[in-house]
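Asks: heads up, no residue letters with this:
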Ligand SMILES: NC(=O)c1ccc[n+]([C@@H]2O[C@H](COP(=O)([O-])OP(=O)(O)OC[C@H]3O[C@@H](n4cnc5c(N)ncnc54)[C@H](O)[C@@H]3O)[C@@H](O)[C@H]2O)c1
Ligand SMILES: O=c1ccn([C@@H]2O[C@H](COP(=O)(O)OP(=O)(O)O[C@H]3O[C@H](CO)[C@@H](O)[C@H](O)[C@H]3O)[C@@H](O)[C@H]2O)c(=O)[nH]1
């Protein structure tokens, strides 16, 4: 089938590449000319495991191409995916300007039947708005479909190629049939394509993200309470998660959720509720708790250094909002580092992939290290913000020799408290006993 994908961020790039992988002819449109040029030269603009192989294969097979021209994309595709940003607006709501402005252009440019597929995360009622905006100018038939995307950064290719479900909000039989044909190759036996109305599809995305953010936040509260009463959140997590009604995933406490989706989507649902006179009390709490959780280690760090961080050097391992990505949007590391800089600490930082993005944001405020061991050289403490695999089994002897004080503040509970105590470190983590040597 002939596909156009408008917007080549995470979602657009993965959607375009994976649809080409199943034999479709895909053209990706982006207004960022420099990015388009890079992609034409075979360069993947983001770090995402396994994407490079598929990307190269499909460019070489001439199934995947790039342009800055919306018109060219629209002329090529029968199915047009909108994978445009819907960032947080000043009042917390989703900024729909990208989606609506492109829709206006689509109305003026389409000449024959198209299915416009909204893959961006958008509030309930957006498909209807898009339909109306396109209809103002369109000289031909078209349908608008809502098809929210559930991929996770770091696992995006796998999530797209083997989705647990595909949600399609559509009230047109013609569009539904085309979408089913497009997605059939991705549906493994038992994993459904769920067809529903557009509004329900739009809300499904916000409900799923808000539920997951709430699940994490609940565990963060349990972890904070564990510290008050001397319980161990790892034990509680194991005890709870084995109940299949609860499930083991997304129960990991830490220094809060971040990323380009959970923070903005929870706020957007809260604001959308308010607009309808509905107060999402649970989401109000989730937002408040998560904001506080991002700096939950700060009092422990301050207390360890007797409330004087001036002149102290802290090594920071992990800057991305989670492992296997270079994305730093809403990363808890940012809040924590800003707070530590404010208190006068010097920070020597390392992340396997996110260093360029962090450097763009912090400039010369941080010292950028070449490796995880360079970062700890002569530092007074180690702070872990992201659970990259390489941080899980460090050379503890080397670590001990490099640090001027043997203390680790771990925002992701990477190590067993007893083991680390035996290695000779003071160790402060989330929801478990503190080790003070
Ligand atoms: N990142 C994720 O993991 C993820 C997962 C599921 C859903 N989503 C949702 O998908 C949407 C896109 O997210 P993203 O992270 O891929 O976005 P992004 O911000 O990474 O990228 C958006 C891209 O759109 C381009 N763009 C902007 N205006 C354009 C225009 N007028 N024409 C063509 N291109 C234009 C930008 O140059 C950029 O390359 C958002 O609604 C997001 O909430 C994201
Ligand atoms: O047990 C857990 C699981 C996750 N997190 C944090 O939660 C955030 C989000 O993690 P994850 O969901 O893995 O990353 P995203 O790539 O942001 O994916 C989410 O957001 C996407 C964009 O909407 C959706 O498509 C995905 O389904 C949804 O998982 C990160 O900061 C994680 O550190 C925890 O603190 N504890």
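Replies: Yep, it's here. None of these values were measured; they are calculated from a predicted model. Ligands and ions are numbered 1, 2, ... in the order given.
Asks: what residues are up against the nearest residue to residue 320 once chain neighbours are set aside?
Replies: Distances taken as CB to CB, 6 or more residues apart in numbering place residue 354 nearest to residue 320, at 3.9 Å, with adjacent residues excluded. In this view, the C-beta of every residue, glycine as well, is placed from N, C-alpha and C. Residues near residue 354 by CB atoms under 8 Å, 6 or more residues apart in numbering: 319-320, 325-328, 331.
Asks: From residue 5, how far out is residue 354?
Replies: Residue 354 sits 25 Å away from residue 5, going by CB to CB, to the nearest Å.
Asks: Point out the residues in this protein that sit beside ligand 2.
Replies: Those residues of the chain that sit near ligand 2, judged by CB under 6 Å from any ligand atom, are 121, 149-153, 209, 212, 216, 250-252, 254, 257-259, 261-262, 321-322.
Asks: Just the buried subset of the residues you listed, please.
Replies: Neighbour-count burial (16 or more other CB atoms under 10 Å) applied to the residues of the chain next to ligand 2 gives 121, 149-151, 153, 209, 212, 216, 251-252, 254, 257-259, 261-262, 321-322.
Asks: out of these, which are inside helices?
Replies: Among those, the subset assigned to helices under DSSP state H consists of 209, 212, 216, 262.
Asks: Determine which two of these are furthest apart.
Replies: Between any two of those, the greatest separation by CB to CB is 10.9 Å, found for 209 and 216.
Asks: Now do stretch 190-197: distance from first to last residue.
Replies: Chord length of stretch 190-197, first to last residue, is 22 Å (CA to CA, to the nearest Å).
Asks: ok but residue 42 is inside a helix, no?
Replies: No: counting by DSSP: H, G, I helix; E, B strand; the rest coil, one finds residue 42 to be coil, located in no helix.
Asks: Look up how far residue 59 lies from it.
Replies: 6 Å.
Asks: How about the contacts made by the residue of the chain at minimum distance from ligand 1?
Replies: Closest approach of the chain to ligand 1 (CB to the nearest ligand atom) occurs at residue 9, with a separation of 1.9 Å. By CB under 8 Å, 6+ apart, the contact set of residue 9 is 46, 83, 85.
Asks: Only whichever of those residues are buried, select them in ChimeraX.
Replies: To isolate the buried members of those in ChimeraX, using 16+ other CB under 10 Å:
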select :46,83,85
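Asks: Residue 423: which of the contacts of residue 9 is nearest?
Replies: Lowest distance from residue 423 to those (CB to CB) belongs to residue 46, with 36.3 Å.
Asks: do you know how far the closest one is from residue 10?
Replies: The span separating residue 46 from residue 10 equals 6 Å under the rule CB to CB.
Asks: where do the contact lists of those two overlap?
Replies: The contact sets of residue 46 and residue 10 overlap at residue 327 (CB under 8 Å, 6+ apart).
Asks: So residue 349 lies in a helix, does it not?
Replies: No: residue assignment for residue 349, taken from three-state DSSP, gives strand, which places it outside any helix.
Asks: Renumber starting at 256 from here on
Replies: New numbering, starting at 256: the last item is residue 604.
Asks: Show me what it bridges to in the sheet.
Replies: Here residue 604 shows beta-bridge partners residue 571, residue 623, assigned using DSSP bridges.
Asks: I figured it was touching residue 620, is that so?
Replies: No: no contact is recorded between residue 604 and residue 620 when judged using CB atoms under 8 Å, the distance being 10.1 Å.
Asks: who's more crowded, those two?
Replies: Applying other CB atoms under 10 Å to residue 604 and residue 620 shows that residue 604 carries more neighbours, namely 24 against 12.
Asks: Tell me which residues touch the more buried one, please.
Replies: By CB under 8 Å, 6+ apart, the contact list for residue 604 reads 570-571, 574, 592, 610, 613, 621-624, 630.
Asks: Looking at these, spot the one nearest residue 319.
Replies: Comparing the contacts of residue 604 against residue 319 with CB to CB picks out residue 610 as the nearest, at 28.7 Å.
Asks: Pull the contacting residues for the nearest residue to the closest one once chain neighbours are set aside.
Replies: Nearest in space to residue 610, with sequence neighbours left out and distances taken as CB to CB, 6+ apart, is residue 623 at 5.9 Å. Neighbouring residues of residue 623 by CB under 8 Å, 6+ apart: 604-605, 610, 613-614.
Asks: Please apply the same query to residue 486.
Replies: Under the criterion of CB under 8 Å, 6+ apart, the contact partners of residue 486 comprise 480, 686.
Asks: May I have the secondary structure class of it?
Replies: The three-state label given to residue 486 by three-state DSSP is coil.
Asks: How about the residue in this structure that sits furthest from its center?
Replies: Most distant residue from the mean C-alpha position of the chain: residue 394, 38.1 Å away (CA atoms, centre = their mean).
Asks: give the contact list for that one.
Replies: If you count contacts by CB under 8 Å, 6+ apart, residue 394 has them with 365-366.
Asks: same check, this time on residue 418
Replies: The contact partners of residue 418, by CB under 8 Å, 6+ apart, come to 405, 441-442, 446.
Asks: cool, and residue 463?
Replies: With contacts taken as CB under 8 Å, 6+ apart, residue 463 has the following neighbours: residue 405.
Asks: any chance of the contacts of residue 609 in TSV, with neighbour count and pLDDT too?
Replies: Written out in TSV, the entries for the contacts of residue 609 read as follows (neighbours: other CB atoms under 10 Å; pLDDT from 0 to 100):
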residue	neighbour count	pLDDT
574	29	98
575	28	98
580	27	92
581	19	93
582	22	94
583	25	97
586	28	98
